[in-house]
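Trainee: sequence first, then the predicted structure:
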Amino acid sequence: MKGIVYKSTGSWYTVKAESGTFYECRIKGKFRLQGIKSTNPIAVGDEVDFELDTTSDVENGLIHAIRDRKNYIVRKSVNLSKQTHIIASNIDIVFLLVTINNPPTTTSFIDRFLVTAEAYGIEAVLIFNKIDTFTEDTSDEQLYLQYVYSQIGYKCLRVSALENKGIDELKALMTNKTSMFSGHSGVGKSTLVNALEPGLNLKTKKISDSHSQGQHTTTFAEMFDLSFGNAKIIDTPGIRGFGVVDMDKQEIGDYFPEFFALKEQCKFNNCLHKDEPKCAVKDALEKDEIAWSRYKSYTQILEGDDEHYRNDIYGEDRAENNEVVAQIQKGLLVLVGIEDTDSIEDINWLTSKIVNLRIFEDENHIMNLSLKDINGEMIIVSQFTLHAATKKGNRPSYIKAAKPDVAIPLYETFVRQMELELGKKVQTGQFGADMKVSLVNDGPVTIIIDSKNKE
Ligand SMILES: Nc1nc2c(ncn2[C@@H]2O[C@H](COP(=O)(O)OP(=O)(O)OP(=O)(O)O)[C@@H](O)[C@H]2O)c(=O)[nH]1
Ligand SMILES: [Mg+2]
């Protein structure tokens, strides 16, 4: 018999036969699997051939073959084991659920997911969920992200699974397709499936109060037939980080559609958009036509920088657990405060000023050398308290400090520009996190540089 895998729990697979009957199946002995090494040989969405197990009283099945997959989404676990896991196969469209906070979804996570979808040729759509909880700040941040991703060509939906907003638009995209929901734990994947099909009554759980993280409520991927538009949905367990399965360095840029579109204009046809001259991608970046967050994700993937990415996804917990998130030996601790009228010009001016400032001693103990000269390191920490206005009363006002939608992109640009200037990685704190910063101030030398007051 032929069937489709609707659920897999490791050793048992729930398979729906063409007749519409569901069978619990196991794998019959060992059969040749397609050439991917993964922790799960058979995934939800797989088309399989199975026979009834006559040795058992109950009507269980034995899977003896798996049909060629049209596509599949694989992720590498971001822990050190480097194992790969097929999330699902034969998917027509994947929806990544993104929440601004509770839990926060980072742009590195979004980009890694999108790169994987591009690599496997699966249409990806972003669903910004929990819009009912938005404040002015989170709404601004969401609109900024929506702007970035829709410019590239990704469809973006604004949804509230809880209040049934944006559901009809979503249903229209799901018609006649097998869809998959993915995203961090707690972003509302199962809640959204329930909104689409209330009868399913899938288990959902509120996110933890202390960490704003989901509780990994859904533990296995599972497919459901929906009662509208001949649609199927695969609900999946929340994922913490998304390790991109090994790709050729050359190939990665092609999965950033906005980079790919410019590739022809780069001087070198094998341009990696890093240090090559006359690179159209870097030109566009300078002109703000490409988002810095995208470029940062690209370089992280290019450098196989899972270590840094792990820091990003675990960073908040680590800062809270008194772990060291960044450390340097000799160089500069830069505390940066972005105000609401700042722009890319301020960033450009500041970066070049900071790296060229002659504030390090030469062999004659004269402040003659710049950070570049001494090949020093840098750590950048965002600090909006720099904008404290203290004139009135005793409680400082931070009215001048920029909101996250302005501050985060500029902060990220600042970090990236510094890295380009210095030709090396810059250490960073966690934007907006509660952190302890320690400093051994040699000299001591502390300099205030204000791009709005260039004295
Ligand atoms: N305010 C609000 N809360 C939502 C919305 N969608 C989901 N939630 C809540 O978010 C929490 C997590 O939702 P789930 O559906 O369990 O999240 P999940 O993505 O399936 O999580 P895992 O199964 O752990 O991967 C629940 O308390 C939901 O009620 C929404 O649109 N608005
Ligand atoms: Mg769930």
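Mentor: Looks like it arrived, so ask away. Please read these numbers as outputs of a predicted model, since none were measured by experiment. Ligands and ions are numbered 1, 2, ... in the order given.
Trainee: contacts and neighbour counts: CA atoms only from here.
Mentor: OK.
Trainee: and the protein, which residues reach ligand 2?
Mentor: Residues of the chain lying near ligand 2 by C-alpha under 5 Å from the ion: 190, 218.
Trainee: what stretches of the stretch 201-350 of the chain score poorly on pLDDT?
Mentor: For the stretch 201-350 of the chain, the stretches with pLDDT under 70 are 305-325.
Trainee: which bits of it sit near ligand 1?
Mentor: For the stretch 201-350 of the chain, the residues in contact with ligand 1 (C-alpha under 6 Å from any ligand atom) are 204-207, 214-218, 237-238.
Trainee: what about burial for those, which qualify?
Mentor: The neighbour count (16 or more other C-alpha atoms under 10 Å) marks 204, 207, 214, 216-218, 237-238 as buried among those.
Trainee: excluding residues flanking it in the chain, which one is nearest residue 270?
Mentor: Nearest residue to residue 270, sequence neighbours excluded (C-alpha to C-alpha, 6 or more residues apart in numbering): residue 250, at 6.9 Å.
Trainee: circling back to that earlier point, a markdown table for the residues of the stretch 201-350 of the chain next to ligand 1, including secondary structure?
Mentor: Shown next, in a markdown table, are those (DSSP: H, G, I helix; E, B strand; the rest coil):
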| residue | secondary structure |
| --- | --- |
| 204 | coil |
| 205 | coil |
| 206 | coil |
| 207 | coil |
| 214 | coil |
| 215 | coil |
| 216 | coil |
| 217 | coil |
| 218 | coil |
| 237 | coil |
| 238 | coil |
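Trainee: wait, the residue nearest to residue 270 touches residue 269, no?
Mentor: No - under the criterion of C-alpha atoms under 8 Å, residue 250 makes no contact with residue 269, lying 10.0 Å away.
Trainee: follow-up on the earlier one: biggest separation within the buried ones among the residues of the stretch 201-350 of the chain next to ligand 1, which pair?
Mentor: 207 and 237 (14.1 Å; C-alpha to C-alpha).
Trainee: now do the residue most central in space within the chain, the pLDDT please.
Mentor: Nearest to the geometric centre of the chain sits residue 109, at 1.0 Å (C-alpha atoms, centre = their mean). Taken from the predicted model, the pLDDT recorded for residue 109 is 92.
Trainee: now do the helix or strand harbouring it: which elements does it pack against?
Mentor: Using DSSP states H and E, residue 109 sits in helix 107-119. Other helices and strands packing on helix 107-119, by 3 or more C-alpha pairs under 8 Å, 6 or more residues apart in numbering; DSSP states H and E, are strand 72-76, strand 93-98, strand 123-128, helix 292-302.
Trainee: now the longest one against helix 107-119, angle please.
Mentor: Helix 292-302 and helix 107-119 meet at an angle of 70 degrees, taking axes from the mean of the first three to the mean of the last three C-alpha atoms, to 10 degrees as the criterion.
Trainee: in which helix or strand does the residue of the chain lying at maximal distance from its centre reside?
Mentor: In the chain, the greatest distance from the average C-alpha position (C-alpha atoms, centre = their mean) is reached by residue 364, at 48.2 Å. Under DSSP H and E, no helix or strand contains residue 364.
Trainee: and what of residue 50?
Mentor: Going by DSSP H and E, residue 50 is in strand 47-52.
Trainee: and the helices in the stretch 251-400 of the chain?
Mentor: In the stretch 251-400 of the chain, helices defined by DSSP state H, counting those that start in this stretch lie at 257-260, 280-286, 292-302, 306-320, 344-356, listed in chain order.
Trainee: just checking, the residue nearest to residue 270 is part of a strand?
Mentor: No - counting by three-state DSSP, residue 250 falls outside a strand, being helix.
Trainee: next, count neighbours for it.
Mentor: 11 (other C-alpha atoms under 10 Å).
Trainee: one more: the one 10 residues further on?
Mentor: As a burial measure, the neighbour count of residue 260 was computed by other C-alpha under 10 Å and equals 15.
Trainee: repeat that for residue 451.
Mentor: Neighbours of residue 451 using other C-alpha under 10 Å come to 15.
Trainee: so which helix or strand takes in it?
Mentor: Counting by DSSP H and E, residue 451 is part of no helix or strand.
Trainee: nearest residue to it other than its sequence neighbours?
Mentor: Computed as C-alpha to C-alpha, 6+ apart, the closest residue to residue 451 that is not its neighbour in sequence is residue 346, at 5.7 Å.
Trainee: tell me how this structure divides into domains.
Mentor: Residue ranges for the domains of the chain, per automatic domain parsing: 2-66, 72-235, 324-455.
Trainee: out of those domains, nearest to residue 282?
Mentor: That would be, of the domains of the chain and by C-alpha to C-alpha, domain 324-455, which comes in at 10.6 Å.
Trainee: how near is residue 230 to ligand 2?
Mentor: 22 Å (C-alpha to the ion, to the nearest Å).
Trainee: thought residue 177 was touching that residue, still the case?
Mentor: Yes - using C-alpha under 8 Å, residue 230 is in contact with residue 177, at 7.1 Å.
Trainee: neighbour count for these two, which is higher?
Mentor: In terms of neighbours (other C-alpha under 10 Å), residue 177 is the more surrounded of residue 230 and residue 177; the figures are 15 against 12.
Trainee: and the pLDDT for the residue nearest to residue 396 when sequence neighbours are not counted?
Mentor: Using C-alpha to C-alpha, 6+ apart and skipping residues adjacent in sequence, the residue nearest residue 396 is residue 390, 4.9 Å away. pLDDT, residue 390: 85.
Trainee: next one: the one 10 residues further on
Mentor: Reported pLDDT at residue 400 in the predicted model: 81.
Trainee: so who does the closest residue to it other than its chain neighbours touch?
Mentor: Once flanking residues are discounted, residue 400 sits nearest to residue 339: 5.5 Å by C-alpha to C-alpha, 6+ apart. Counting by C-alpha atoms under 8 Å, 6 or more residues apart in numbering, residue 339 touches 387, 400-402, 407.
Trainee: now do 7 Å
Mentor: 400-402 (C-alpha atoms under 7 Å, 6 or more residues apart in numbering).
Trainee: again with residue 159
Mentor: With C-alpha under 7 Å, 6+ apart, residue 159 has these contacts: 127-131, 165-167.
Trainee: swap in residue 226?
Mentor: Here residue 226 is in contact with 197, 232 (C-alpha under 7 Å, 6+ apart).
Trainee: and it, how close does it get to residue 162?
Mentor: 19 Å (C-alpha to C-alpha, to the nearest Å).
Trainee: list the contacts of the residue nearest to the centre of the chain.
Mentor: Counting by C-alpha under 7 Å, 6+ apart, residue 109 has contacts 241-242.
Trainee: now it: how far from residue 419?
Mentor: Taking C-alpha to C-alpha, one finds residue 109 at 21 Å from residue 419.
Trainee: repeat that for residue 226.
Mentor: In terms of C-alpha to C-alpha, residue 226 sits 49 Å off from residue 419.
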